[in-house]
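*Asks:* heads up, no residue letters with this:
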């Protein structure tokens, strides 16, 4: 039996996600949605965040460093779960 999709975030959750993520703009985090497994948070829209692919370094997928500079977006809920560097 297929799993039910998660309900959309409530306005209160969205406000909380944005507040926390605003402090992380410009920081690099690890995410499987980036070809190099690292991305920098660029900006926050109404319900999604824009990220930029950054260099993998020695501990990542260096063969995908040609993708550095590409921008992509993720929903706020997914971006909130990224561990950004301090």
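*Replies:* Structure's in. What do you need? In this text the structure is predicted, and so the values were computed from the model without any measurement.
*Asks:* so which residues of this structure form helices?
*Replies:* Listed in chain order, the helices of the chain (DSSP state H) span 11-22, 76-80.
*Asks:* residue 2: which of the ones you listed is closest?
*Replies:* Shortest distance between residue 2 and the helices of the chain, using Cβ to Cβ, is found for helix 76-80: 19.9 Å. (C-beta placed from N, C-alpha, C; glycine too.)
*Asks:* pLDDT weak spots in the protein?
*Replies:* 60, 86 (pLDDT under 70).
*Asks:* mind redoing it with 50?
*Replies:* Within the chain, not a single segment meets pLDDT under 50.
*Asks:* closest to the centroid, which residue in it?
*Replies:* For the chain, residue 79 is the residue whose C-alpha lies nearest the centre (Cα atoms, centre = their mean; 3.9 Å).
*Asks:* return the most buried member of the helices of the chain.
*Replies:* Highest mean neighbour count among those (mean count of other Cβ atoms under 10 Å): helix 76-80, with a mean of 19.
*Asks:* which residues are contacting it?
*Replies:* For helix 76-80, the surrounding residues in contact (Cβ atoms under 8 Å, 6 or more residues apart in numbering) are 6, 9, 13-14, 17-18, 20-21, 33, 41, 44, 47-49, 51.
*Asks:* try it again at 7 Å.
*Replies:* Helix 76-80 is contacted from outside by 9, 14, 17-18, 20-21, 47-49, using Cβ atoms under 7 Å, 6 or more residues apart in numbering.
*Asks:* cool, and stretch 34-54?
*Replies:* With contact meaning Cβ under 7 Å, 6+ apart, stretch 34-54 is reached by 14, 18, 21-22, 24-31, 55-56, 60-61, 64-65, 67-76, 79, 84.
*Asks:* now that stretch, how far from the centre of its chain.
*Replies:* Its chain's C-alpha centre and that of stretch 34-54 lie 5 Å apart, by Cα atoms, centre = their mean, to the nearest Å.
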